[in-house]
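Peer 1: Any chance you can model this:
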Amino acid sequence: METSQHRHDHSEEGIEIPVERINPETLRRMIEEFVTREWSELSDSGYSMDEKVDRVMQQLHDRQARVVFDSSSETWNIIPRR
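Peer 2: Okay, the predicted model is just below:
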């Protein structure tokens, strides 16, 4: 059973949530959680939290990444677009 709000499987499918429909403060918190989780493994100390959040936010707005919600596991993730 998955206990966190995310998956590491980039083949993950789910319901795409348009970033325009997510409250900006909520979206920022989601991205902060995402970069804390994903970039902690990379020992990427060259970027501040704000820089990481800005990079992910830009990828979302450029449609290079998307927010998806998996209704079966009730989890969300940010994944690259194919």
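Peer 1: Only C-alpha atoms from now on, for both contacts and neighbour counts.
Peer 2: Will do.
Peer 1: all helices for the chain, in order.
Peer 2: Secondary structure of the chain (DSSP state H): helices located at 24-40, 49-61.
Peer 1: Mind putting those into TSV with mean neighbour count and distance to R82?
Peer 2: As requested, the helices of the chain are exported to TSV (neighbours: other C-alpha atoms under 10 Å; distance: least, C-alpha to C-alpha, whole Å):
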stretch	mean neighbour count	distance to R82
helix 24-40	15	19
helix 49-61	16	13
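Peer 1: Rebuild those helices as TSV, extending it with mean pLDDT.
Peer 2: Shown next, in TSV, are the helices of the chain (pLDDT from 0 to 100):
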stretch	mean pLDDT
helix 24-40	91
helix 49-61	94
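Peer 1: right, and the ones you listed - which one's nearest F69?
Peer 2: Of all the helices of the chain, it is helix 24-40 that lies closest to F69, at 12.2 Å by C-alpha to C-alpha.
Peer 1: picking that back up, and the helices of the chain: which comes nearest D70?
Peer 2: helix 24-40 (15.1 Å).
Peer 1: on contacts alone, who are the packing partners of that closest one?
Peer 2: If contacts are counted by 3 or more C-alpha pairs under 8 Å, 6 or more residues apart in numbering; DSSP states H and E, helix 24-40 sits against helix 49-61.
Peer 1: please redo it, this time with the cut-off set to 6 Å
Peer 2: Helices and strands touching helix 24-40, as assessed by 3 or more C-alpha pairs under 6 Å, 6 or more residues apart in numbering; DSSP states H and E, are absent.
Peer 1: Nearest spatial neighbour of I78, chain-adjacent residues omitted?
Peer 2: Spatially, and ignoring its direct neighbours in sequence, I78 is nearest to V67 (4.5 Å; C-alpha to C-alpha, 6 or more residues apart in numbering).
Peer 1: Report how many residues lie close to the one you found.
Peer 2: As a burial measure, V67 scores 21 neighbours (other C-alpha atoms under 10 Å).
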